[in-house]
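Peer 1: give me coordinates for this.
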Amino acid sequence: MVTSMTAPLQREGRSTRGIRLTFPVLVGLILVAVLTGAAAVYFAPFGSKVPTIVRGTVTAASGDATQIGLRIDESAGSRNEGIGFEIAGAYWIDRDGRVHDGSHPTCIVPGSTGQRIELAYVQVRAIDDSPGHNTLVAWVRCL
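Peer 2: Got it, this is the predicted structure:
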């Protein structure tokens, strides 16, 4: 008499077939969760970034002091021709350490040059289809 190994399982209401279906379903669910998480991190326009903090000299200030040119202090022999920043809406810190919001830094006089500042910015991917990135200024400190 030959006895099948599956016969006891079937008599108890179990099937080896159900066990085989559970593993692929579990792997599929894990794969979907990982891909969804990766897509959310990649495409989401939010998250946390450590700002880049630079010191430099203002080379130009717009008439309303919302845009500046900044020559960043050279380090390790790098050459810097200047970078433009939109500082409207950024927090600013005066020489006494007080934080301000809703106005432009008083140390940046519209249409002037030569002011020493420290600035924190982050670069983020553009939300629309344009290539490149946007630079967001977090704060400006008058030195």
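Peer 1: wait, what's in contact with the most centrally placed residue in the chain?
Peer 2: In the chain, the centroid-proximal residue (C-alpha atoms, centre = their mean) is K49; its distance is 4.4 Å. With contacts defined as C-beta atoms under 8 Å, 6 or more residues apart in numbering, K49 is in contact with V122, V124. Yep, even glycine has a C-beta here, placed from its N, CA and C like the rest.
Peer 1: any idea how far E81 is from it?
Peer 2: Distance, K49 to E81, by C-beta to C-beta, to the nearest Å: 25 Å.
Peer 1: just to revisit the earlier point, which helix or strand contains the residue nearest to the centre of the chain?
Peer 2: In the assignment (DSSP states H and E), K49 maps to no helix and no strand.
Peer 1: from S112, how far off is it?
Peer 2: 31 Å.
Peer 1: now the strands for this protein?
Peer 2: Per DSSP state E, the chain carries strands over the ranges 52-61, 67-72, 83-86, 91-93, 99-100, 116-125, 133-142.
Peer 1: for the fifth one, what is the average pLDDT?
Peer 2: Taken as a whole, strand 99-100 has a mean pLDDT of 95.
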